[in-house]
Each structure stands twice: as structure tokens, then as C-alpha cells.
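# I need the structure of the sequence given here:
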Amino acid sequence: MGIIIWLVVGGICGWLASLIMRTDAQQGIILNVVVGIVGAVIAGLLFGGGANMNNGITIETFLYSLIGAVILLAIVNLVRRGTVR
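Purely as a prediction, here's the structure:
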């Protein structure tokens, strides 16, 4: 059950990050979930394990995951278009 909750939270973080970076129209729900999950991993690496699955979902881990997803989308936009946007 916990993995399903993390997938939902990853999807929400990915969706919010795509709205912040204005790339929501270009990607679907699957890519939003992937960006959210990979963003959480990036956040865990950058912020010292803040987005750990064993810690549960808190405001802190949610914000870390959102920041990681925004960073990931900025990197993808930079590679794809040459601009962060």
C-alpha cells in the first residue's frame, strides 16, 4: 500500500513541477509520475536523504520532492531546447 501512496505523491509532485515549469501540455500522466519519482531521488541526493521512503510522507519530503522534480524539468528543458524557460 505504501508504494501506491508514493506513486500518487510522485504524480502530484511531477504534475505541480510541470505546471511551475510550464511543460504540462507536453507530457502526460505517466511522465508526470516518472518526473516526480526521479525528482524525489534527486532531492534525496541533494538534501541528504530528506525524501526517504521509510520516513513517510511529510511536508518536508513533499517539498523536497517538488524541488527535485523542478530541477529535473529544468535540466530536461535545458538539454532539449537550450533554455531553462
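# For the rest of this, base every contact and every neighbour count on C-alpha atoms.
Noted.
# From the contact counts, what lies against the lowest-mean-pLDDT helix or strand in the chain?
Lowest on mean pLDDT, DSSP states H and E among the helices and strands of the chain sits helix 29-46, with a mean of 78. Helices and strands touching helix 29-46, by 3 or more CA pairs under 8 Å, 6 or more residues apart in numbering; DSSP states H and E, are helix 2-20, helix 59-81.
# For L73, see how far away R80 is.
10 Å (CA to CA, to the nearest Å).
# of these two, who's got more company?
Counted by other CA atoms under 10 Å, R80 and L73 do not tie: L73 has more neighbours, with 24 against 10.
# Let me see the contact set for the more buried one.
By CA atoms under 8 Å, 6 or more residues apart in numbering, the residues touching L73 are 17-18, 21, 35.
# Run through the residues that contact the nearest residue to L66 once chain neighbours are set aside.
Of all residues not flanking L66 in the chain, C13 sits nearest, at 5.0 Å (CA to CA, 6 or more residues apart in numbering). Residues near C13 by CA under 8 Å, 6+ apart: 32-33, 36, 62, 65-66, 69.
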